[in-house]
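K.L.:
My questions are about this predicted structure, shown below with the sequence.
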Amino acid sequence: MKFSGILIGIFAIILLLACGTASGDSQEAPDGQKLYKTYCVTCHGVNGGMQLNGARDLRASELGLEERVSVISNGRNLMAAYKGIMTADEIRAVATYTMGLGEGESKGE
């Protein structure tokens, strides 16, 4: 009886570990806003219009999503390339976030 209780306990632990691993594999989508604030706000500003160090006004940008992904990945002019710093999913999340900068506000920062 004692032995079967130990086996049930071991089985329960294995089951919990397996479930924990499975749920750990499904990562949350990257937070584009948080990543933007970490890597981009210094030059582009909170709302995308600061234009420090030659940065473009992201609120006025006409670049599409894929073009933004390319610029963030490979850099442009003084802007650093982030493909070695962020994952492809993180870069896409930042690019997507920048598409909405300035919506519903005036162009003044």
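P.N.:
That came through, no problem.
K.L.:
Out of the helices and strands in the chain, which is least certain?
P.N.:
Every helix and strand of the chain was ranked by mean pLDDT, DSSP states H and E. The lowest is helix 2-25, at a mean of 54.
K.L.:
Model confidence at residue 27, what's the number?
P.N.:
Looking at residue 27, its pLDDT stands at 79.
K.L.:
give me the number of residues near residue 61?
P.N.:
16 (other C-beta atoms under 10 Å). (Glycine included, C-beta is placed from N, CA and C.)
K.L.:
Distance check, it against residue 89.
P.N.:
21 Å (C-beta to C-beta, to the nearest Å).
K.L.:
Check residue 56 too.
P.N.:
For residue 56, the distance to residue 89 equals 23 Å [C-beta to C-beta].
K.L.:
out of those two, which sits in the busier spot?
P.N.:
Set residue 56 next to residue 89 and count neighbours by other C-beta under 10 Å: residue 56 wins out with 17 against 12.
K.L.:
wait, what's in contact with the more buried one?
P.N.:
residue 44 (C-beta atoms under 8 Å, 6 or more residues apart in numbering).
K.L.:
per-residue pLDDT, it?
P.N.:
95.
K.L.:
Residue 36 versus that one, what's the distance?
P.N.:
Look at residue 56 and residue 36: by C-beta to C-beta, they are 14 Å apart.
K.L.:
what is in contact with those two at once?
P.N.:
In contact with both residue 56 and residue 36: residue 44, using C-beta under 8 Å, 6+ apart.
K.L.:
The least confident helix or strand of the chain: what's the following helix or strand?
P.N.:
Note on helix 2-25: by DSSP states H and E, the next helix or strand toward the C-terminus is helix 32-39.
K.L.:
Would you mark the buried spots in whichever helix or strand comes after that following helix?
P.N.:
Later in the chain than helix 32-39, the nearest helix or strand by DSSP H and E is helix 41-44. Residues of helix 41-44 classed as buried by neighbour count (16 or more other C-beta atoms under 10 Å): 43-44.
K.L.:
Please apply the same query to stretch 82-94.
P.N.:
82, 86, 90-94.
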